[in-house]
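Undergrad: need a structure here:
(one chain, ligands or ions: 1)
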Amino acid sequence: MYKKYILLLFTCANIVLIIWFWYSSSGDLLSGDNVQLLLGLGRLMGLFAAFFVLFQVMCIARIPWMEKLLSFDRLTYLHHLNGLWLLISLILHPIFLGLSYASTNDISFWQQQYNFLFYGDELVGAFFGLFILVCVAVISISKIRRMMSYEMWYTVHLTVYIAIALAFGHEIELGGDFVGNNIFQAYWYILYVGVFGNLLAYRFIKPVYMWNKHHFVVDHVESENDNVYSLYIRGKNLDSFKVQSGQFAIFRFLDKKRWWKAHPFSFSSAVVDGVLRVTFKDLGDFTHELGTVSSGTSIIIDGPHGNFVTARSTRDTVVCIAGGIGITPVRALIESFDKHKQVILVYSVKSKKDFVFKDEIEKITQERFLKIYYLVSDDTSWEGLKGRVDEQFLNMYIKNIDKADVYMCGPIAMMKGVRASLKKCGASNNHIFFEKFSL
Ligand SMILES: Cc1cc2nc3c(=O)[nH]c(=O)nc-3n(C[C@H](O)[C@H](O)[C@H](O)COP(=O)(O)OP(=O)(O)OC[C@H]3O[C@@H](n4cnc5c(N)ncnc54)[C@H](O)[C@@H]3O)c2cc1C
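TA: Numbering: from 1, shown residues only. Sure, this is the predicted structure:
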């Protein structure tokens with residue numbers, strides 16, 4: 001529970017150190033006139049912008065020690081949040097410096113920006129880097145992001161690395177706080193090497209190493225219903241590939257059509273007879289074609305990731321709520337909780353033909369305590385429980401939800417609604433665990 005504060009402490013310690021380095025060289029500017037004040041603040045914004053960029057990279061580098069401190073989805077959330085701080089400091093950096101230098105040189109703000117641009121190679125690179133970072137930040141605003149395909153958005157996002165490389169030169173060469181301060185320079189290099197070392201190790205080298213070690217390949221694909229398929233994966237030494245029920249991984253299928261795309265899917269069962277299974281719904285370009293992937297196709301698996309796991313449960317009753325394809329991690333979870341726990345599954349879909357794994361779920365009831373509620377919202381031919389998982393449903397069927405751990409996975413809108421209902425019924429935030437199918 002206190003793990004997240006370790007990361008907060010680590011981040012704050014770095015920020016304090018940066019402010020301290022900045023204050024020791026630019027602190028005098030604070031007691032000067034407005035021109036000097038702007039110069040000092042402009043430098044500070046530049047340092048913050050560089051630090052926030054590095055923090056952005058750390059959040060998405062899929063670093064196991066960070067995922068242990070804060071779960072994958074929280075790191076993704078932090079990545080979005082930090083993007084805002086980054087954007088603000090990025091924009092303020094050239095504005096403050098421009099205003100300060102323009103006043104000193106007695107020219108207009110825009111004339112000063114023009115002069116900056118042609119000052120030397122480092123500043124041209126920095127401006128270009130700034131342009132890229134601002135563009136990426138803008139296309140990441142959720143409304144704009146939804147207007148483009150994920151692949152397009154992701155490809156543009158990758159240019160951030162070019163921006164970081166372009167901006168680095170001007171930080172050390174021209175940054176007023178670095179001049180003559182070897183310790184600060186050394187610290188700055190360590191930050192960059194640390195961040196990009198972790199990125200390289202965990203996002204690139206580790207998946208390739210795991211691929212080489214386990215030789216993951218597609219075994220076969222099975223249809224679960226009209227638009228849901230299960231993909232079975234074989235590999236070598238899978239005993240040492242430790243997956244916890246409820247986790248997911250990012251899959252790259254190495255055939256002509258797909259090698260350049262990586263998509264996340266949850267494992268839909270524990271490893272059985274040396275075979276891994278993921279189950280996906282045909283929702284778009286990639287998943288529409290994935291059912292046709294050939295047996296024997298090699299797969300690079302980046303993972304497992306995620307903290308939607310049984311280990312978080314501390315109570316004797318566990319309520320698992322799955323909406324639609326959100327059943328995939330939940331299916332794996334329900335068979336894995338300690339046998340002494342009472343597990344209640346609420347499985348909600350739009351139409352009865354959307355149910356998958358019904359036979360498997362029924363089979364689990366023979367092996368452990370598992371109470372199941374199947375719920376259908378938009379199908380008049382369904383004769384069982386109708387409606388959605390709302391306050392009325394929870395009050396009527398799930399007793400003592402305030403004493404249970406709740407796991408849920410489903411469409412974002414459904415999870416928002418269910419979460420609100422759970423809280424009204426007394427469930428505590430610390431005992432609601434969820435997996436979002438979006439990064
Ligand atoms: C942690 C996690 C676990 C998931 N587990 C499952 C699962 O078990 N079964 C399942 O059917 N789906 C799962 N998904 C969702 C699945 O990744 C997307 O449905 C799939 O990538 C859609 O790709 P598409 O090109 O077919 O559809 P599109 O129409 O292109 O995309 C639909 C939406 O999926 C997301 N998406 C698309 N491509 C990617 C990508 N490469 N990486 C991340 N998100 C992407 C975007 O938000 C997009 O708006 C999971 C997602 C996450 C984040």
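Undergrad: briefly note if the helix or strand of the chain with the lowest mean pLDDT comes near the ligand.
TA: Evaluated with mean pLDDT, DSSP states H and E, the helix-and-strand set of the chain has its lowest mean pLDDT in helix 142-145, which scores a mean of 82. No - for helix 142-145, no contact with the ligand is found by C-beta under 6 Å from any ligand atom; the gap never falls below 8.2 Å. Any C-beta I mention is one placed from the backbone N, CA and C, and that applies to glycine too.
Undergrad: distance between that helix and the chain's centre?
TA: In terms of C-alpha atoms, centre = their mean, to the nearest Å, the centre of helix 142-145 is found 16 Å from the chain centre.
Undergrad: now it: buried residues?
TA: When neighbours are counted by 16 or more other C-beta atoms under 10 Å, no buried residue of helix 142-145 is found.
Undergrad: past it, which element shows up next along the chain?
TA: Per DSSP states H and E, helix 142-145 leads on to helix 150-158 as the next helix or strand towards the C-terminus.
Undergrad: averaged pLDDT, that following helix. What do you get?
TA: The average pLDDT within helix 150-158 is 85.
Undergrad: name the residues that touch that helix?
TA: The list of residues contacting helix 150-158 from outside it, by C-beta atoms under 8 Å, 6 or more residues apart in numbering, reads Cys135, Val136, Ile139, Ser140, Arg145, Lys261.
Undergrad: pull out the buried positions in that helix.
TA: For helix 150-158, using 16+ other C-beta under 10 Å, the buried residues are Tyr150, Trp153.
Undergrad: output that helix as CSV, restricted to C-alpha atoms.
TA: Below are the C-alpha coordinates for helix 150-158, written out as CSV (Å, rounded to 0.1, in the frame of the first residue of the first chain):
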residue,chain,number,x,y,z
TYR,A,150,-4.1,3.8,-32.9
GLU,A,151,-1.2,2.9,-35.2
MET,A,152,-1.1,6.5,-36.7
TRP,A,153,-1.2,8.0,-33.2
TYR,A,154,1.5,5.6,-32.0
THR,A,155,3.8,6.2,-34.9
VAL,A,156,3.7,10.0,-34.4
HIS,A,157,4.3,9.4,-30.7
LEU,A,158,7.6,7.6,-31.5
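Undergrad: now the helix or strand just after that helix: buried residues?
TA: Secondary structure here is assigned by DSSP H and E; on that basis, the next helix or strand after helix 150-158 toward the C-terminus is helix 160-174. Using 16+ other C-beta under 10 Å as the burial criterion, the residues of helix 160-174 that qualify are Val160, Ala163, Ile164, Leu166, Ala167, Phe168, Gly169, His170, Glu171, Leu174.
Undergrad: check stretch 178-195 too.
TA: Residues of stretch 178-195 classed as buried: Phe178, Asn181, Phe184, Gln185, Trp188, Leu191, Tyr192, Val195 (neighbour count, 16+ other C-beta under 10 Å).
Undergrad: helix, strand, or coil at the residue nearest to the second one when sequence neighbours are not counted?
TA: Just to be clear, that refers to Asn181. The shortest distance from Asn181 to any residue other than its chain neighbours is 6.2 Å, reached at Ser25 (C-beta to C-beta, 6 or more residues apart in numbering). Three-state call for Ser25 (DSSP: H, G, I helix; E, B strand; the rest coil): helix.
Undergrad: just the one 5 residues further on next, same as before
TA: Three states are possible here, and by three-state DSSP the one that applies to Leu30 is helix.
Undergrad: OK, contacts around it?
TA: Contacts of Leu30 were listed using C-beta under 8 Å, 6+ apart, and they are Gln36, Leu37, Gly40.
Undergrad: 6 Å - rerun?
TA: Gly40 (C-beta atoms under 6 Å, 6 or more residues apart in numbering).
Undergrad: now swap in Phe72 and tell me
TA: With contacts defined as C-beta under 6 Å, 6+ apart, Phe72 is in contact with His305, Gly306.
Undergrad: quick check: residues of the stretch 51-200 of the chain near the ligand?
TA: Of all the residues in the stretch 51-200 of the chain, those in contact range of the ligand (C-beta under 6 Å from any ligand atom) are Ser149, Tyr150.
Undergrad: now the stretch 51-200 of the chain against the ligand: closest residue?
TA: Distances from the stretch 51-200 of the chain to the ligand, computed as C-beta to the nearest ligand atom, single out Tyr150 as the nearest residue at 3.5 Å.
Undergrad: would you mind measuring from that residue to Lys242?
TA: With the distance defined as C-beta to C-beta, to the nearest Å, Tyr150 ends up 29 Å from Lys242.
Undergrad: of all the buried residues of helix 160-174, which comes closest to Thr310?
TA: Distance to Thr310, by C-beta to C-beta, is smallest for Val160 among those, at 35.9 Å.
Undergrad: find the nearest non-adjacent residue to that closest one, please.
TA: Val136 (5.5 Å).
Undergrad: quick one: the one you found and Ala163 touch, right?
TA: No - with contact defined as C-beta atoms under 6 Å, Val136 and Ala163 do not form a contacting pair (7.6 Å).
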